[in-house]
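Asks: here you go, sequence then predicted model.
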Amino acid sequence: MKPGALLAASLALVAALSLACAPAAGPPPPEPALAGLSQPLRAALETARADVLAAPDSADAWGHLGSLFDAHSLYAEALVCYERATELAPGDYRWLYLAAVVADFQGHDLADIETRFAAALAKQSEYPPLWYRFGDALLRQGDATRAVACYERAVELDGDFALAQRGLGQALLALERTDEALRHLERSRAIDPSDSVVHAALARAYHLAGDAEASRAATERSRSTQPVLGVPDPVRYAVDQLALDPLSLNRRVTEALAQGDLESAERDLAVLAQLFPDDPGQALRHGECLVGLQRWDAAMRPLERAAELGSDVQRGRAHSLLADLLQERGDPAAALPHRRRAVEAQPARADFRNALALTLGRNGDLEGALVEFEASASLETATSELHHNWGTALLRLGRVEEATLHFQAALALEPSSPATLFNLGSIREGQGRSEEAIQLYLQAVPLDPSGPAAQRLQELGVSAPPR
């Protein structure tokens with residue numbers, strides 16, 4: 001059956017749903033049992049329900065409450081809200097569509113599901129996910145022929161819709177149209193080769209086509225991949241974004257962090273912190289996210305919680321970040337105990353040792369800094385920066401020859417460091433080796449035209465090279 005014929009036949013089932021008058025006064029919004037629900041979810045439901053009571057003629061308020069129910073599998077309550085939103089805004093296909101999806105989730109009979117999808121399609125027939133989900137519903141009900149028509153329309157609208165190509169292939173397989181099924185399954189695989197479901201379907205299709213080798217390869221591929229479940233569906237995505245269960249929250253945090261969206265990640269991490277106040281891993285992630293947002297005051301509490309409750313690795317990271325925050329505030333004395341605790345938690349972390357050395361230096365304990373620089377270098381190959389800082393501490397202690405060796409080592413690793421060139425030049429000048437010092441200053445100036453090397457050359461009456 002062609003998509004147009006399918007839609008025309010289905011529309012006959014919904015003609016009686018057209019309303020010629022304004023919606024009548026509706027029922028009060030559903031009031032679910034809140035016992036056993038998490039505090040964040042209870043609060044969200046109470047707020048959304050209050051919004052409906054405050055604006056009972058607002059389709060968006062009803063739709064939002066329905067979406068919140070929907071996101072937490074409270075489908076009966078969601079359906080009431082979506083139907084009321086439709087009465088209030090009959091031209092908005094979203095509530096018709098979401099009601100159809102929920103009815104499908106609830107296992108309504110085929111006639112009801114078809115009526116609901118047809119009503120949504122009457123308002124918006126150019127939305128590929130709507131056709132795709134209608135096809136899925138029909139296929140689950142055993143109507144592969146009409147499912148094919150829905151999937152075909154979805155891929156007509158979006159040829160790169162991998163799940164629609166997959167669904168079409170599966171429906172064609174059910175109808176024993178193997179050659180056609182292979183074409184669409186292979187297209188789905190080309191769009192998204194990470195989907196175990198399409199590989200499993202291809203294994204069956206290749207078997208039916210008599211290609212045993214390709215069937216074995218597809219079977220092996222299906223075992224090494226995972227099912228792709230996410231539909232590119234902005235309407236359902238908006239519902240999913242309201243979910244406050246731990247699995248959804250953690251998934252969204254991971255996705256947001258991967259995309260660099262720290263604001264979205266922090267919102268969900270704040271909810272997870274309410275759900276799991278004694279989980280050091282959640283506290284650490286929340287603190288790290290707040291640090292990334294430069295909300296340093298807010299980051300202190302979750303980091304302190306992670307430092308208190310976490311494993312050695314978590315405590316080390318938390319104390320290190322707390323020290324960073326305190327130094328950012330200009331308080332190296334307060335940062336020092338956290339640097340020490342980070343090293344105590346993870347003594348084999350070279351970067352923690354190096355950070356402790358720098359903080360000790362800022363607090364005037366240069367001898368202690370030298371111990372930590374040496375420890376850091378024993379754990380991991382010393383960087384140019386470490387040699388530079390080590391040399392600077394030695395220079396401040398008057399241990400010039402040792403400082404020289406570290407500055408030279410730093411320059412061997414990073415020849416274009418103006419600070420190291422200047423420090424080594426200062427040593428050479430102090431040793432009476434003025435020509436060498438001037439040459440080092442001259443190398444530094446192009447790298448930092450307004451830095452101390454340029455100033456020293458001016459004091460010596462030496463012209464710096466033109467910029």
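Replies: Thanks, I have the structure now.
Asks: extract the C-alpha set from stretch 192-211 and format it as CSV.
Replies: Output in CSV follows, covering the C-alpha atoms of stretch 192-211 (Å, rounded to 0.1, in the frame of the first residue of the first chain):
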residue,chain,number,x,y,z
ASP,A,192,25.6,3.6,10.9
PRO,A,193,27.9,0.5,11.0
SER,A,194,27.8,0.5,14.9
ASP,A,195,24.3,-1.0,15.1
SER,A,196,24.1,-4.6,16.1
VAL,A,197,20.5,-4.9,15.2
VAL,A,198,21.1,-4.2,11.5
HIS,A,199,24.0,-6.7,11.4
ALA,A,200,21.7,-9.4,12.9
ALA,A,201,19.1,-8.6,10.3
LEU,A,202,21.6,-8.7,7.5
ALA,A,203,22.9,-12.1,8.8
ARG,A,204,19.4,-13.5,8.4
ALA,A,205,18.9,-11.7,5.0
TYR,A,206,22.2,-13.1,3.6
HIS,A,207,21.3,-16.5,4.9
LEU,A,208,18.0,-16.4,3.1
ALA,A,209,19.8,-15.2,0.0
GLY,A,210,22.2,-18.1,0.1
ASP,A,211,25.3,-16.1,1.0
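Asks: now it: average pLDDT?
Replies: Mean pLDDT, stretch 192-211: 97.
Asks: surely residue 338 meets residue 319?
Replies: Yes: if you go by CB atoms under 8 Å, residue 338 and residue 319 touch, sitting 4.4 Å apart. Just so you know, the C-beta spots here come from the backbone N, C-alpha and C atoms, and that holds for glycine as well.
Asks: mutual contacts of the two, please.
Replies: residue 307 (CB atoms under 8 Å, 6 or more residues apart in numbering).
Asks: the closest residue to residue 452 other than its chain neighbours: neighbouring residues, count only.
Replies: Closest residue in space to residue 452, ignoring its immediate chain neighbours: residue 422 at 5.3 Å, by CB to CB, 6 or more residues apart in numbering. Look at residue 422: counted by other CB atoms under 10 Å, it has 25 neighbours.
Asks: what does residue 50 give?
Replies: 13.
Asks: so where is the stretch 151-300 of the chain shaky, pLDDT-wise?
Replies: Within the stretch 151-300 of the chain, no stretch has pLDDT under 70.
Asks: quick one, helices of it?
Replies: Applying DSSP state H, counting those that start in this stretch to the stretch 151-300 of the chain gives helices spanning 162-174, 178-191, 196-208, 212-223, 234-240, 246-258, 262-275, 280-292, 296-309.
Asks: now do the first one against helix 178-191: the angle between them, please.
Replies: Looking back up the chat, that one is helix 162-174. 160 degrees (axes from the mean of the first three to the mean of the last three CA atoms, to 10 degrees).
Asks: relative to helix 196-208, how tilted is helix 162-174?
Replies: Using the same axes, to 10 degrees: helix 162-174 against helix 196-208 is 30 degrees.
Asks: equivalent analysis for the last one, please.
Replies: Relative orientation of helix 296-309 with respect to helix 196-208: 70 degrees, computed using the same axes, to 10 degrees.
Asks: residues contacting helix 296-309, please?
Replies: 273, 277-281, 283-284, 286-288, 290-291, 314-315, 317-319, 321-322, 325, 328-329, 338, 341.
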